[in-house]
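Novice: The following comprises the amino acid sequence and a computationally predicted model.
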Protein chains: 2
Amino acid sequence: MAAQGHFLESGYALTSMDAIAKIAGISKSTLYSYFESKEHLFGAVIQQARQSLHDSLTTVAAVGEQDAEKMLRQIGEQFLRFVTSADSITMYRVVIAESAHFPDLGHDLFQSGSNLIADLIGESLRRWSEAGLLSIANPMHAARQFLALLKSDLQLRCLLDPRRVTDEADIQTNVESAVTLFLGLYRQPENG
Amino acid sequence: MAAQGHFLESGYALTSMDAIAKIAGISKSTLYSYFESKEHLFGAVIQQARQSLHDSLTTVAAVGEQDAEKMLRQIGEQFLRFVTSADSITMYRVVIAESAHFPDLGHDLFQSGSNLIADLIGESLRRWSEAGLLSIANPMHAARQFLALLKSDLQLRCLLDPRRVTDEADIQTNVESAVTLFLGLYRQPENG
DNA sequence: GTCTATAATTGGATAGAC
DNA sequence: GTCTATCCAATTATAGAC
């Protein structure tokens, strides 16, 4: 949908139905025949982007079997690249901006974002722990700690300052810090 | 300023100069005699709120001398109560929403928010480490880890879902988790 | 300096022809 | 189903009187 680009780029208020119709190459009346209002169109756009987010995070969390450190690094790098990507940031920015007006969208995005990735990684940690690669009493709790250490302030910095790009060095720094600290806590005694 | 409440509550686009003038009890012309445009007024409002944020965080980081665990808990509780407060969240929401339009405001807010509190706590950690209360090689790095663990997803959840209130139980859970993990890493051997 | 009144523009939504 | 043309409301900003 052509509306997606404009909504995510310019936000809800600055995106006019005129502009969307023009980009889509249809008239405004036709646009209104597909979506009953600007609010409904916005909701459809965000829900679609949310589904895409859901799929991407599921892919990020799926990692080939290796040793614990390599898997954590791989997940960490992919996760950070994804959450700091321009697409992710613009989506979060728009939904945060309109969360007072569309609280359901914000709620759903949190579920499909933070909660989903925490569950996926928590489940992986539980399996790795059962397999003896790590020693974790509470995998879900540990997953949230790992994600918190990974992100630190990177996501907030991107949301607040669009000019500050997140380069590979930023990502490597955070991954190194998070993995080191995490393994220091949860590595099996016989392995470390 | 009367504009502050309206801008923070309704966002930039939905706040009209008519409404601000009405709330302030003056006419629109008078309002324009003080601020040359809506953008300038918005900038002034945010910069003032940013100064208030700066002062609040400085207060949060100032803690009486006690043992390390009590100080970390006290800072953690106050920090989390502050960043999840309705005032802080609405301010961040508005600035994030307009960060593409006003990148300087977002940049300044990040400096006066995340970077400031990290520096303040990092400096405290350095002093406590020198005094032998903790054993920290890189205090600034440790401060960012502590803050990341404290916040985890609480701030993002508040930004995305205004209906979900952060209660004292959420705060205590995160403080407990962060302080426990942090002390497990950095407590002086002879103390722990 | 402050007000009333009013430009000038924009945007969401619809009517009616085809 | 799709278009053109239009309505109606809201908004930024200013002109001009006092």
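Specialist: All right, it came through fine.
Novice: What parts of chain A come near DNA strand D?
Specialist: For chain A, the contact set with DNA strand D under Cβ under 7 Å from any atom of the strand comprises A:25-30, A:33-34. For every residue, glycine as well, the C-beta is placed using N, CA and C.
Novice: Just send these back as CSV, with neighbour count too.
Specialist: As requested, the residues of chain A next to DNA strand D are exported to CSV (neighbours: other Cβ atoms under 10 Å in any protein chain shown):
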residue, neighbour count
A:Gly25, 8
A:Ile26, 14
A:Ser27, 12
A:Lys28, 15
A:Ser29, 8
A:Thr30, 11
A:Ser33, 10
A:Tyr34, 13
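Novice: out of those residues, who's nearest B:Phe7?
Specialist: The nearest member of the residues of chain A next to DNA strand D to B:Phe7, counting by Cβ to Cβ, is A:Lys28 at 30.5 Å.
Novice: In strands, which of the residues of chain A next to DNA strand D fall?
Specialist: With strands defined by DSSP state E, no entry of the residues of chain A next to DNA strand D lies inside them.
Novice: Tell me which two of those sit farthest apart.
Specialist: Going by Cβ to Cβ, the pair spanning the residues of chain A next to DNA strand D furthest: A:Gly25 and A:Ser33, at 14.7 Å.
Novice: Can you tell me which of the residues of chain A next to DNA strand D is nearest DNA strand C?
Specialist: Using Cβ to the nearest atom of the strand, A:Ser29 is the member of these that sits closest to DNA strand C, with 3.8 Å.
Novice: Flag every residue of chain A that's near DNA strand C.
Specialist: Counting by Cβ under 7 Å from any atom of the strand, the residues of chain A near DNA strand C are A:14-19, A:28-29, A:32, A:37-39.
Novice: so which two of those are the farthest from each other?
Specialist: That would be A:Leu14 and A:Ser29, which, of those, are the farthest apart (Cβ to Cβ) at 22.1 Å.
Novice: picking that back up, what about the residues of chain A next to DNA strand C, which one has the most neighbours?
Specialist: Within the residues of chain A next to DNA strand C, neighbour counts (other Cβ atoms under 10 Å in any protein chain shown) peak at A:Thr15, which reaches 22 neighbours.
Novice: Where do the helices of chain A begin and end?
Specialist: Assigned by DSSP state H, chain A shows helices spanning A:2-10, A:17-24, A:28-34, A:38-61, A:68-83, A:86-97, A:103-110, A:116-130, A:139-151, A:154-160, A:168-186.
Novice: other SSEs contacting the lowest-mean-pLDDT helix or strand in chain A?
Specialist: Each helix and strand of chain A was given a mean pLDDT (mean pLDDT, DSSP states H and E); the minimum falls on helix A:2-10 at a mean of 87. Other elements packing on helix A:2-10 under the criterion 3 or more Cβ pairs under 8 Å, 6 or more residues apart in numbering or on different chains; DSSP states H and E are helix A:17-24, helix A:38-61, helix A:86-97.
Novice: Tabulate those (CSV), appending mean pLDDT.
Specialist: Formatted as CSV, those follow (pLDDT from 0 to 100):
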stretch, mean pLDDT
helix A:17-24, 94
helix A:38-61, 95
helix A:86-97, 96
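Novice: from those, which stretch is densest packed?
Specialist: helix A:86-97 (a mean of 21; mean count of other Cβ atoms under 10 Å in any protein chain shown).
Novice: Give the full set of residues in contact with the closest residue to A:Asp18 other than its chain neighbours.
Specialist: If the residues on either side of it in the chain are set aside, A:Asp18 comes closest to A:Lys28, at 6.1 Å by Cβ to Cβ, 6 or more residues apart in numbering or on different chains. A:Lys28 makes contact with A:17-18, A:21, according to Cβ atoms under 8 Å, 6 or more residues apart in numbering or on different chains.
Novice: buried sites along the least confident helix or strand of chain A?
Specialist: Of the residues in helix A:2-10, A:2-4, A:6-8, A:10 count as buried by neighbour count, 16 or more other Cβ atoms under 10 Å in any protein chain shown.
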